[in-house]
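>>> Sharing a model that was predicted from the sequence below.
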Amino acid sequence: MRITDLLDPKSIELNGRAADKKNALDKIVELMDASGKIDDVETYRKGVYAREEESTTGIGGGIAIPHCKSDAVGKPGLAAMVVPDGVEFDSLDGEPVNLIFLIAAPNTEDNIHLSVLSKLSVFLMNEEFTNSLRNAKTVEEFLKIIDEAESEKDEGAEQQETTSTDSGKLILAVTGCPTGIAHTYMAAEAIEIQAKEMGYQVKVETRGSGGAKNILTADEIEQAAGIIVAADTKVPMDRFAGKRVVVTKVADGINKAEKLINEAVSGKAPIFESGAGDVEERSSGEKESIGHAAYKHLMSGVSHMLPFVIGGGIMVAIAFLIDTICGYGTTGGSNFGTCTPLSALFKYIGGLAMNLMVPVLAGYIAYSIADRPGLAVGFTGGLLATNGNAALAGFIFGNNVDSLGGFSRFIANFAFVGKDGGNTVSGFLGGILAGFLAGFIVLALKKLCDKLPEALDGIKPTLIYPLVGIFIIGILMCMIFNPLIGLINTGLSNMLTSLSHAGLITVLGLIVAAMMAIDMGGPINKAAYVFGTGMLATAAQIMESGKAASDPAVQACYIAMAAVMVGGMVPPIGIAIASKLFPKKFTKEERGAFVSNLVMGSSFITESAIPFAASDPLHVIPATMVGAGVAGFLSALFGCTLMAPHGGVFVFATIGNPLLYIVAWLVGSIITALLLGVLKKDVKK
């Protein structure tokens, strides 16, 4: 993909006029909309405004690069406007802007456009290039200037040696901005150019939306004469311990490269100390909303948890499959999954991995909130949520609870053993709560410890935070939240059993499956998937209490997981079928995704449907949601069960009633395809 592939001629204005910054942004957003790459122009416009409130995108030199990464963007794109008379843009250098490039990036994991946008950002550092663009007489000439510069850059990149010469000291840098689209790469280019002009070797690590690139090695860090971190986003810093490091904002990397390099090699930069923490994301705009912050912390925990869920869960499912093949499916009882040596091995390994699910979830929620000091406290809270309190009862109250006084008996029954055995395992819900509690406990400890003498700074992260934090989270979980959430989990288990007996498990199947097809990887989809994996954890807890796999409560958990997976498999398959049945409704590029949709849908990768939903959400999302909901309803109606948290067709051997499960999947997919044929309009040629 080249820059000109993203820059539509309809989105270029060479004689633009704007009264002020807002007017300029409105006009260039309209230019972007003319390219047809924006699904919801008002949402996208608000995103552009919000980015400007964080910090100006007027980078100086008469250039501005406003940008927005949003679900409102159907396809990546660029718009350009030359403003001969200039417009005030709150630029970093205070000068008017006369060349504006607007970037539209879809909010997906597919970031192939980022290399193109980073290349454009680098070109804009070249004054000769930008002057040529300002003086272009036609749109064709404007595009030709960009195309020729890109061709020259690509040829130069092929010829450039990646190894450094022996002459000159080595300068290292890390650049990053919150969106990781433009400023990251412009700062990198500015530092590289300036360092080479000053006779230094240079290597810059970029931490953009596509992930970290050109990562600095330990040998390079050891040899470096100076290190610069110009970033407004999180950068891991412990690797620089003992080295002199200049830490600043990304805008300084663009505009003050020479000053930063001189400071880095002067020997006067501060020495970075191990344990001082990572560079955190900066924002000069409004504070992040509480809801968005909570979601971000939760997703940090979920993303680290999923590998344990998927790897361990599939191994446990294989153990069940082995016992089923060996004839223990109906006779294994509570030993099902460990009836043979091989199945017991898989169950043991997979079970240990699954048992780490909640501690990892809690630990990384706390890490997101309070950085590394939160990990130990969060992990401990998660372990307490997983194991509950029953083992403590004998130590604290002895074995004869009935002989205790009134209040002591209440505490013993409530917090430890409970009447008739009770339940103090707070599990998945307790892990989420423990993660947030741990994070905020550590933040509070950090604030309190700010008043301590500097001589104690070294023991704060190694002694004070973990010791006090673990004690506090332990008391809170054992005495309050484990028993309370244990009651909720017991109620949830009873509810699932009741739904199963009443035939209402089908309603649950419909709801969670439909949720999987609404935003296909977004928060609603993730909520449904996390619920399904939570049900697997609940099933494991029920079986550990002595229940068999055939128990209605256990079966209800597995039915819920099956409905979740079938709901996620419907959208890509339904779209693939529709592209064959109704080819006029899809572009040539969309029709070409037929095979990839089949493969990814069969593998339970719902995200392959995102481009279709993003380009036509009002018609595609209702179709996928209805089809997925029907599939989930039928899957639950047929009593289909799933013991694995992921895998699609690769774990069909672990599914109960697999043939009927396939029927539910195909019926839902066909319904989606037919609805797309009715709802979608023919593509304009």
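Received it, and whenever you're ready, just let me know what you need.
>>> where does the nearest residue to Arg244 once chain neighbours are set aside land on pLDDT?
Leaving out its chain neighbours, the residue that sits closest to Arg244 by C-beta to C-beta, 6 or more residues apart in numbering is Ala269, at 4.0 Å. Every C-beta, even on glycine, is put in place using the N, C-alpha and C of the backbone. What the model reports as pLDDT for Ala269 is 85.
>>> ok, now Ile473?
94.
>>> Equivalent analysis for the one 4 residues further on, please.
We have a pLDDT of 89 for Met477.
>>> How are the helices of the stretch 201-350 of the chain distributed by residue range?
Applying DSSP state H, counting those that start in this stretch to the stretch 201-350 of the chain gives helices spanning 218-223, 250-255, 257-265, 290-325, 341-355.
>>> now what about the last one, what contacts it?
Applying C-beta atoms under 8 Å, 6 or more residues apart in numbering, the contact partners of helix 341-355 are 308-309, 311-320, 322-323, 326, 337-338, 386, 536-537, 540.
>>> From those, list the buried ones, please.
Buried members of these, scored by 16 or more other C-beta atoms under 10 Å, are 308-309, 311-320, 322-323, 337-338, 386, 536-537, 540.
>>> Now do the helix or strand that contains Val667, average pLDDT.
According to DSSP states H and E, Val667 maps onto helix 658-679. Average pLDDT, helix 658-679: 95.
>>> wait, doesn't Val620 sit right on Gly574?
No. Between Val620 and Gly574 there is no contact under C-beta atoms under 8 Å: 9.5 Å.
>>> more crowded one of the two?
Gly574 (33 against 27; other C-beta atoms under 10 Å).
>>> Just say helix, strand or coil for the more buried one.
Secondary structure assignment for Gly574 (DSSP: H, G, I helix; E, B strand; the rest coil): helix.
>>> Contacts only, for it.
Contacts of Gly574 (C-beta under 8 Å, 6+ apart): 623-624, 627, 668-673, 676.
>>> list the contacts for the residue nearest to it when sequence neighbours are not counted?
Leaving out its chain neighbours, the residue that sits closest to Gly574 by C-beta to C-beta, 6+ apart is Thr672, at 2.7 Å. By C-beta under 8 Å, 6+ apart, Thr672 lies in contact with 570-571, 573-575, 577-578, 623-624, 626-628.
>>> can you check His183 too?
57, 59, 65, 121, 175, 177, 232, 250-251, 254.
>>> What is the nearest of those to Ala188?
Nearest to Ala188 out of these is Thr175 (C-beta to C-beta; 4.7 Å).
>>> Phi, psi for the closest one please.
phi -120, psi 150 (degrees, to the nearest 10).
>>> Distance of it relative to Glu205?
7 Å (C-beta to C-beta, to the nearest Å).
>>> neighbour count winner among the two?
Legend: neighbour count by other C-beta under 10 Å for Thr175 and Glu205, higher for Thr175 (30 against 20).
>>> How many residues are close by the spatially closest residue to that one that is not a sequence neighbour?
With C-beta to C-beta, 6+ apart as the criterion, Thr175 has its nearest non-adjacent residue at 4.1 Å, and that residue is Ala187. Other residues lying near Ala187 total 35 when counted by other C-beta under 10 Å.
>>> So for the strand or helix carrying Ala187, what gets flagged as buried?
According to DSSP H and E, Ala187 maps onto helix 183-197. Residues 183-192, 194-195 are the ones in helix 183-197 that count as buried (16+ other C-beta under 10 Å).
>>> repeat for stretch 50-60
51-52, 54-60.
>>> got it, and stretch 672-679?
672-676, 679.
>>> these two touch, right, the residue nearest to Thr175 and Ile228?
No. Between Ala187 and Ile228 there is no contact under C-beta under 8 Å: 9.3 Å.
>>> All the strands of this structure, residue numbers only.
For the chain, strands defined by DSSP state E occupy the ranges 7-13, 58-60, 63-64, 67-70, 77-87, 97-106, 170-176, 201-208, 211-213, 226-231, 245-248, 641-642, 655-656.
>>> now those in a markdown table, with distance to Thr380?
Conversion of the strands of the chain to a markdown table gives the following (distance: least, C-beta to C-beta, whole Å):
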| stretch | distance to Thr380 |
| --- | --- |
| strand 7-13 | 53 |
| strand 58-60 | 46 |
| strand 63-64 | 49 |
| strand 67-70 | 36 |
| strand 77-87 | 48 |
| strand 97-106 | 39 |
| strand 170-176 | 32 |
| strand 201-208 | 31 |
| strand 211-213 | 30 |
| strand 226-231 | 31 |
| strand 245-248 | 32 |
| strand 641-642 | 32 |
| strand 655-656 | 36 |
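>>> Pick out the shakiest of these, pLDDT-wise.
When I compare the strands of the chain, strand 211-213 is least confident, with a mean of 72.
>>> what sits up against stretch 447-463?
275, 372-373, 446, 464-465.
>>> Now, these that are in helices?
Those of these mapping onto helices are 373, 446, 465, per DSSP state H.
>>> if I pick the second one, what's in contact with it?
By that I understand Lys446. With C-beta under 8 Å, 6+ apart, Lys446 has these contacts: 370, 373, 460, 465.
>>> Likewise for the last one?
Contact criterion C-beta under 8 Å, 6+ apart gives 373, 376-377, 442, 445-446, 449 as the residues in contact with Tyr465.
>>> count of neighbours near Asp90?
So Asp90, with other C-beta under 10 Å, has 14 neighbours.
>>> Double-check it against Ala24; I have them as touching.
No. Contact criterion C-beta under 8 Å: Asp90 and Ala24 do not qualify, at 11.1 Å.
>>> which residues are in contact with both of Ala187 and Ile228?
Gly253.
>>> quick one: which of the buried residues of stretch 50-60 is nearest to Ile475?
Nearest member of those to Ile475, counting by C-beta to C-beta, is Glu54, at 39.7 Å.
>>> quick one on the thing from earlier: let's have the contacts of Gly574 in a markdown table, adding distance to Gly639.
Listed next are those as a markdown table, based on distance: C-beta to C-beta, whole Å:
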| residue | distance to Gly639 |
| --- | --- |
| Ala623 | 27 |
| Thr624 | 25 |
| Gly627 | 21 |
| Gly668 | 17 |
| Ser669 | 20 |
| Ile670 | 22 |
| Ile671 | 21 |
| Thr672 | 23 |
| Ala673 | 26 |
| Leu676 | 29 |
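>>> so how far is Ser368 from Phe481?
Applying C-beta to C-beta to Phe481 and Ser368 gives a distance of 20 Å.
>>> can you check Val564 too?
Separation of Val564 from Ser368 (C-beta to C-beta): 25 Å.
>>> now Leu637
Distance from Leu637 to Ser368, by C-beta to C-beta: 40 Å.
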